[in-house]
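# Fold the following, please.
(chains A, B and C)
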Amino acid sequence: MSAQIRLWDIHGGIHPAENKSQSTTRGLEQVPLPRQLVLPLLQHIGNHAEPVVQVGDRVLKGQLLASAQGQFSCPVHAPTSGVISAIGPAPYPHVSGLAEPAITLDNDGEDRWTPLDPMADYQSVEPLELLERIAAAGISGLGGAGFPTARKLLSRPEHPIHTLIINGAECEPYITADDMCMRHHAARIIAGIEVLMHILKPARILIGIEDNKPEAISAMRDAAQQCAAQVVAIPTKYPSGGEKQLIQILTGEEIPSGGLPADIGMLCQNIATVLAIHDAVLLGKPLISRIVTLTGAALDRPTNVEALIGTPIRELLAFAGLQPARLHRLVLGGPMMGYTVAAYAPIIKTSNCLLAATLDELPPPPPALPCIRCGLCAEACPAQLLPQQLHWFALGKDYPQLQRQNLFDCIECGACAYVCPSSIPLVQYFRAGKSEIRALERQHTRAEQSRQRFEQRQERLQREAEQRERDRQERAEKAARAKAAREAKAAEDRAAAPAEASDLARVQAGKANTLSPEQKQLKIAAATARMALKKAQKQLAANPDNTDLQAQIPALEQALAEAEQAFEQATSQEGS
Amino acid sequence: MMTEFILILLSTILVNNFVLVQFLGLCPFMGVSGKLETALGMSMATTFVLTLASILSYLTYQYILLPFNLEFLRTISFILVIAVVVQFTEMVVHKTSPLLYRVLGIFLPLITTNCAVLGVALLITNRAEQTFLSAATYGFGAALGFSLVLVLFAGLRERIAIADVPMPFRGAAIGMITAGLMSLAFMGFTGLIRI
Amino acid sequence: MTIILTAVITLLVLALIFGAVLGYAAVRFRVEGDPIVDQINALLPQTQCGQCGHPGCKPYAQAIANGEPINKCPPGGEATIQALADLLDVEALPLDGEHGEEKPPTVAYIREAECIGCTKCIQACPVDAILGAAKQMHTVIVDECTGCDLCVEPCPVDCIDMLPLPVTPQNWRWSPPQPAPLTDKMPQRGVA
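Got it, this is the predicted structure:
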């Protein structure tokens, strides 16, 4: 269906030059398989995936390489068949240029698929099972931030989604990936939307496409004739493709500050993500490739390609005919929200565009002048913030005020910096402020935890010290009581028996002159002989067949008898 | 009747503002206006003290001093009243908001010596045709005027703190200049009401 | 004469009444303890390292509440001094060098090949971040280690290193843009 619905407008916004026609003349091309692919274990917001393969393993296309850890994590699959050559830090397309743990795969050229499990009849399957499939296929948002899709679809089980918004706006200049995707894969996208309809059961489905993409709009309208989804053409304005802005344009509703679309019963998905959902559910294919726009005046053949995730950027640029002499800046993303990357980094799930710009295309920014309080930035801000005030407080590092001015509602679209007559890099200030505030909060949480551990440790040591003290006291008391008892008994004995003293003395005296040294020797000799005999008898009992032992025993018995006799004689002489 | 109270309020808050036009109570004005939260706390404390102290002073004057012909004792007895009220306020603040207590520091007991408080108390006795309600309104209006100016100045000072002020003006200098300009602005109200 | 007597008696009576009111208020609004100490403690980094001269962060918080300077905490650094200055409405002084320099965050690392299992480091750690027992291998739990380096000294075989926390894309921070060269740049902006 494609009746035009009522549209609203967002506050502010800008109209930069579109520069989209350069990359739409060659259709959608296929890149030759790269020799090596680098697959980072974290390609979005959330937690790293854990590798399930080892170096040297042979893998097939679509095989699981790393499994998700928790809900904010996506698994990673092999984009082609080959051998794992390394697992460790590898180049990563991040603005910091830091490396990230990744799995490096050497292509064996055969491109063999792992066995797939397509599910043509998903209508009879429970939505939760479909969500598990989507999660297992490693699908994260392909529009920008890359949030794990299954988690997003499950975000508010207690609040049903009544409006599903499909984002085909692609408002940023230069980028045409979604445009080409819609032109060539409209049927699969609509089929993917139907999967989402089965999962979420929304009352309304709206597909928002900017009106600078007439071919895409007509392709989607043709494909959606039997579908309940409505294709809506929206006026071209940057940044109407932002999730919050698109929802506001199509429905007139605003997402509360710091909230999510699910809070007002809406959900927004990019069309490329929907295409991936279709492939995962109906064809059983995991997310291993995406459409990337290759554009910029430094390229001879700007185009759109279906590229495997993990393809090194320089290979894609070479395919598009990069002229290194002309290249001034290599940007991943568009000119408004993109960032400079190194050519040896790989593309990841969220890489939608590579802009190889010449000096004329992206000139270095002029030096920033002081703010003249003109207010153009506040007029342009689509989130209705006050960039002027945010800039002021960012300069003064007044973080509580920045938060009060809703810094975290800023979508970093760059419209304010675009219109600023003083060329102040406003978005950089806001990003620095946000990361500073987040770092402070992290530090605070850690400090709280350390404090708790410290206090628990102090308590434990105190308890142990008290316990030791109690034990010591107990022992002391026990000893004191025992001593007292002994003394009492001794006193009692002394008091009760003075008459027995003489007997005692006699016995002691008798004992004292019992044995002379010779008699003692004889006694010892007798005892030794007895022991030897006993030992031999024991050994014989253990080994009855030992003839040596059998021979020894009579001799020992004889020795014992002699020793005992000698002793008897010695003592009997004395005793009488 | 009603207009009389509105006129008293307008006069004490704007026209004859105690801080910027009559230049009383400048010590807490400059000392506590660094941050907006502190200024709000201080202004609430002073409002409480001013209103209560002016009411009690009026009552003391009307019903204890005047009948016994002890008008000459008013300064000392007003100071006594103010000191008691401030001490009471200090205890309440310490209990309810230890942070504010700590932040206000010495300025909280210094409300006792705030010439605006004693000034309001004494000025009430000078006014002709004074009733209890008009005295209370006068005190309350004075307090509101003080609070208004304190909060405004605190807001300005917060912005000046992160502004790019030229070197010779940094610190107290720019604060004084700003206060002076505010005073000029408030004096623009002069002649609006003669009261 | 009578007037003087009246005056004195009036003042006395007034003073007595007000004194009674204050006495009642003193009992009614009594404050136990010092809650400000907890608020100060919440801003300190809780490394319990002792570099400030106090045996832990809570004692230092207590000392600050009693008027001690706020610039003695190297692990807290500039940010903590600023936060304390904002809380207490005092001036933010630069870090007192006598108590140490502000270093980037570190964690302890035990070289397990050399560890003899003496538990001296376990006893020294104020947050129980070392796992181990007598004659068993000791190891540092990185997530709990605050980098206070109190464990380094007691180790008899000196097998503990303090390593800087690695910077990953997850904790990497954007740096603010450099100020425009045209205007006069002073490190501290104007104070009023």
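# so what's the most centrally placed residue in chain C closest to, chain neighbours aside?
Taking C-alpha atoms, centre = their mean, the centroid of chain C lies closest to residue C:44, which sits 3.1 Å from it. Ranked by C-beta to C-beta, 6 or more residues apart in numbering or on different chains and with sequence neighbours excluded, the top spatial neighbour of residue C:44 is residue C:57, at 4.3 Å. Quick note: C-beta positions are derived from backbone N, CA and C, even for glycine.
# Quick check: phi and psi on that neighbour?
phi -80, psi -40 (degrees, to the nearest 10).
# check contacts around it.
Each residue near residue C:57 by C-beta atoms under 8 Å, 6 or more residues apart in numbering or on different chains is listed here: A:451, A:454, C:41, C:44, C:45, C:46, C:47, C:48.
# Which strand or helix spans the second one?
Looking back up the chat, that one is residue A:454. If you go by DSSP states H and E, residue A:454 is part of helix A:426-496.
# Just after the lengthiest helix in chain C, pick out the following helix or strand.
Across chain C, the longest stretch assigned as helix under DSSP state H is helix C:2-28. Heading C-terminal from helix C:2-28, the first helix or strand you meet, by DSSP H and E, is helix C:35-43.
# about what we covered before: quick one: which of the contacts of residue C:57 is nearest chain B?
residue C:41 (13.4 Å; C-beta to the nearest C-beta).
# where does the spatially closest residue to the closest one that is not a sequence neighbour land on pLDDT?
Take residue C:41 and drop its neighbours on the chain: the residue closest to it by C-beta to C-beta, 6+ apart is residue C:61, 3.9 Å away. For residue C:61, the model assigns a pLDDT of 88.
# need the contact list for residue C:61.
By C-beta under 8 Å, 6+ apart, residue C:61 lies in contact with C:37, C:38, C:40, C:41, C:44.
# and what of residue C:76?
Contacts of residue C:76 by C-beta under 8 Å, 6+ apart are C:43, C:44, C:45.
# any idea which of those residues is closest to residue A:299?
Minimum distance to residue A:299 across these is 50.2 Å, recorded for residue C:45 (C-beta to C-beta).
# how about low-confidence regions in the stretch 251-400 of chain A?
Nowhere does the stretch 251-400 of chain A drop to pLDDT under 70.
# OK, now which residue of it is nearest to chain C?
Closest point on the stretch 251-400 of chain A to chain C, by C-beta to the nearest C-beta, is residue A:368, at 4.2 Å.
# What separation is there between that residue and residue C:174?
For residue A:368, the distance to residue C:174 (C-beta to C-beta, to the nearest Å) stands at 16 Å.
# what about the two, which has more around it?
Neighbour count, other C-beta atoms under 10 Å in any protein chain shown: between residue A:368 and residue C:174, residue A:368 has more, with 21 against 17.
# Assess the claim that the more buried one and residue C:177 are in contact.
Yes: the criterion here is C-beta atoms under 8 Å, and residue A:368 meets it with residue C:177 at 7.2 Å.
# Could you name every residue contacting both of the two?
Contacts common to residue A:368 and residue C:177, judged by C-beta under 8 Å, 6+ apart, are residue A:425.
# For residue 54, which non-adjacent residue is spatially closest?
You didn't say which chain, so I picked chain A. Nearest residue to residue A:54 in three dimensions, chain neighbours excluded: residue A:84, at 6.8 Å (C-beta to C-beta, 6+ apart).
# should've been chain C
Residue nearest to residue C:54 in three dimensions, not counting chain neighbours: residue C:60, with 4.1 Å by C-beta to C-beta, 6+ apart.
# quick one on the thing from earlier: put together a markdown table for the contacts of residue C:57, with pLDDT and distance to residue B:93 on each row.
Output for the contacts of residue C:57, formatted as a markdown table (pLDDT from 0 to 100; distance: C-beta to C-beta, whole Å):
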| residue | pLDDT | distance to residue B:93 |
| --- | --- | --- |
| A:451 | 85 | 28 |
| A:454 | 87 | 32 |
| C:41 | 85 | 22 |
| C:44 | 86 | 25 |
| C:45 | 83 | 30 |
| C:46 | 81 | 29 |
| C:47 | 80 | 34 |
| C:48 | 81 | 33 |
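# Tell me which two in the residues you listed are the farthest apart.
C:41 and C:47 (12.6 Å).
# At the contact with chain C, which residues of the stretch 401-550 of chain A appear?
Counting by C-beta under 8 Å from any C-beta of the partner chain, the stretch 401-550 of chain A comes close to chain C at A:424-425, A:428-429, A:431-436, A:439-440, A:442-443, A:446-451, A:453-454, A:456-457.
# What are the phi and psi values at the residue in the stretch 1-150 of chain A that chain B sits nearest to?
As assessed by C-beta to the nearest C-beta, chain B sits closest to residue A:12 within the stretch 1-150 of chain A, at 24.9 Å. Torsion angles at residue A:12 (phi, psi; degrees, to the nearest 10) stand at phi 70, psi -140.
# Which pLDDT value belongs to it?
Per-residue confidence at residue A:12 stands at 92 (pLDDT).
# Touching, it and residue A:382? I think so.
Yes: contact between residue A:12 and residue A:382 holds when scored by C-beta under 8 Å: they sit 5.0 Å apart.
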